[in-house]
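**Student:** Pasted the sequence and its predicted model underneath.
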Amino acid sequence: MNSNKEIGTIGVLTSGGDAPGMNAAIRAVVRTALSKGLKVKGIMHGYAGLLNEEFIDMGMRSVSEIIQRGGTVLYTARCLEFKEMAGVIKAHEICEKNGIDGLVVIGGDGSFRGAQDLSNVGTPCIGIPGTIDNDIACSEYTIGYDTAMNTVVEMVDKLRDTANSHSRCSVVEVMGRRAGHIALNTGIACGAAVILVPEQDFDPERDLLARIRYAQECGKHHFIVMVAEGVGKAEEIAQIIRDNTGIDTRKTVLGHVQRGGSPTLRDRVVATQMGYHAVELLTQNIGNRVVAMKNGEIVDYEINEALSMKKGIETKLLEIAHCISI
Ligand SMILES: Nc1ncnc2c1ncn2[C@@H]1O[C@H](COP(=O)(O)OP(=O)(O)O)[C@@H](O)[C@H]1O
Ligand SMILES: O=P(O)(O)OC[C@H]1O[C@](O)(COP(=O)(O)O)[C@@H](O)[C@@H]1O
Ligand SMILES: [Mg+2]
């Protein structure tokens, strides 16, 4: 969608779950916009802050010392009011009243649905994928994914010491909502005997117990079972293992530790590239797009198209995991 109105001031907000690297993206958006002669309003607390007119004027120094920080300096929220059309229209009117000609939304798929609605009523929006889940179909990468996975690896390496010392099974539940990308990649990186992802049917005998028994036959006496939250609760998986194998089994739900911490190099660089790209689009009066990564390059898609795309699990990785996990 090309709007006829020239963009003079843009807004930037973060929405949905926070993700490491969101600050790097905010910094890139602000500095790129200012260097191209635009004004920038930071919107606090996502769409909720937009509806409450929580704005701050951003200057070059407003984003100093944030590239290395986790979380989001603009704060974030999940806002029910914005899911209703009345909320979206109110947000558009607020943008008009405050001279916000375009909006950069850093968030996940839910936030992009909101951005799509807002674009449709006349405020051009650009989405930047910021979620640890890597579940944005149009993009092979989302900001925060790398940091979250490195956190999981660090934590599970510690759990492994105890599982090994006690000859136990450690069932680890990781985030990802309905996607198994975090579980699959960290499962491989942590040498999990079993990786369970929601993209595959789960048969306890075939996918869990048979694999553990086989690993036992191969001489293994401790086990890591990596479970994506979309499959089920770690405690339920642990109980199945206890009941059927007698192995001393403990569960760990890693939880929000996965969302925090200083972003990795990858997240900082991708966030910076995506932030820059988002502003470039707005300066060309292009709205209603989602920034994405394709074959390592930064590209963009129309929001409707982006939201209609589907993304599967990396089947080759799953095949490799099945082959080498014992
Ligand atoms: N279908 C929708 N239509 C309009 N806005 C939505 C929709 N879904 C989510 N949103 C807005 O985006 C916010 C963030 O979405 P959520 O799914 O929680 O996180 P994420 O953007 O990280 O996936 C929601 O709180 C809501 O304000
Ligand atoms: O922080 P909350 O509200 O408990 O939400 C937990 C969910 O948020 C996430 O951490 C991130 O999801 P989003 O990026 O879609 O917000 C999911 O992995 C998890 O299911
Ligand atoms: Mg999401």
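**Tutor:** Okay, I see it. Ligands and ions are numbered 1, 2, ... in the order given.

**Student:** Show the contacting residues for residue 134.
**Tutor:** 141-142, 145, 176, 179, 181-182 (C-beta atoms under 8 Å, 6 or more residues apart in numbering). To be clear about C-beta, it is placed using only N, CA and C from the backbone, and glycine gets the same treatment.

**Student:** mind putting the residues you listed in CSV, neighbour count included?
**Tutor:** Below are these laid out as CSV (neighbours: other C-beta atoms under 10 Å):
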residue, neighbour count
141, 19
142, 28
145, 30
176, 27
179, 24
181, 24
182, 27
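
**Student:** Restricted to helices, list the residues you listed.
**Tutor:** Under the assignment DSSP state H, the contacts of residue 134 contribute 145, 181-182 to helices.

**Student:** In three-state terms, label residue 137 for me.
**Tutor:** coil (DSSP: H, G, I helix; E, B strand; the rest coil).

**Student:** Next one: it from residue 311, what distance?
**Tutor:** Separation of residue 137 from residue 311 (C-beta to C-beta, to the nearest Å) stands at 4 Å.

**Student:** Which one of the two is surrounded by more residues?
**Tutor:** Comparing residue 137 with residue 311 by neighbour count (other C-beta atoms under 10 Å), the higher total belongs to residue 137, at 19 against 15.

**Student:** do you know how far residue 116 is from residue 83?
**Tutor:** Distance from residue 116 to residue 83, counting by C-beta to C-beta: 12 Å.

**Student:** List of residues touching stretch 241-257?
**Tutor:** Around stretch 241-257, the neighbours that count as contacts under C-beta under 8 Å, 6+ apart are 151-152, 155, 159, 163, 166-175, 204, 208-209, 212-213, 216, 223, 225, 234-235, 237-238.

**Student:** now it: mean pLDDT?
**Tutor:** Mean per-residue pLDDT for stretch 241-257: 98.

**Student:** How far off centre is it?
**Tutor:** Centre-to-centre, stretch 241-257 and its host chain are 25 Å apart (C-alpha atoms, centre = their mean, to the nearest Å).

**Student:** residue in the stretch 51-200 of the chain nearest to ligand 1?
**Tutor:** The nearest approach of the stretch 51-200 of the chain to ligand 1 comes at residue 110, 2.0 Å away (C-beta to the nearest ligand atom).

**Student:** and that residue, what does it touch?
**Tutor:** 15-16, 78.

**Student:** sec struct for it, please.
**Tutor:** Following three-state DSSP, we place residue 110 in the helix state.

**Student:** now residue 104
**Tutor:** Residue 104 - assigned by three-state DSSP - is strand.

**Student:** my guess is it contacts residue 7, does it?
**Tutor:** No: using C-beta atoms under 8 Å, residue 104 is not in contact with residue 7; the gap is 11.0 Å.

**Student:** Return every residue with contacts to both of those two.
**Tutor:** residue 282.

**Student:** what about those two, which has more around it?
**Tutor:** Neighbour comparison, residue 104 and residue 7: the larger count goes to residue 104, with 30 against 22 (by other C-beta under 10 Å).

**Student:** now the more buried one, which residues is it bridged with?
**Tutor:** With DSSP bridges as the criterion, residue 104 is bridged to residue 12, residue 126.

**Student:** From what I see, residue 144 and residue 135 are in contact.
**Tutor:** No: Residue 144 sits out of contact with residue 135 when judged by C-beta under 8 Å, with a separation of 11.3 Å.

**Student:** more neighbours, the two?
**Tutor:** Neighbour totals were compared for residue 144 and residue 135, and residue 144 leads with 31 against 21 (other C-beta under 10 Å).

**Student:** so who does that one touch?
**Tutor:** Shown in contact with residue 144 (C-beta under 8 Å, 6+ apart): 18-22, 130-132, 259, 263, 267.

**Student:** Also residue 157?
**Tutor:** Residues counted as contacts of residue 157 (C-beta under 8 Å, 6+ apart) are residue 190.

**Student:** Which helix or strand contains it?
**Tutor:** For residue 157, the host element (DSSP states H and E) is helix 145-165.

**Student:** State the separation between that helix and the centre of the chain it belongs to.
**Tutor:** Using C-alpha atoms, centre = their mean, the offset of helix 145-165 from its chain centre is 19 Å.

**Student:** Could you check it against ligand 2 for contacts?
**Tutor:** No: using C-beta under 6 Å from any ligand atom, helix 145-165 stays clear of ligand 2, coming no nearer than 8.2 Å.
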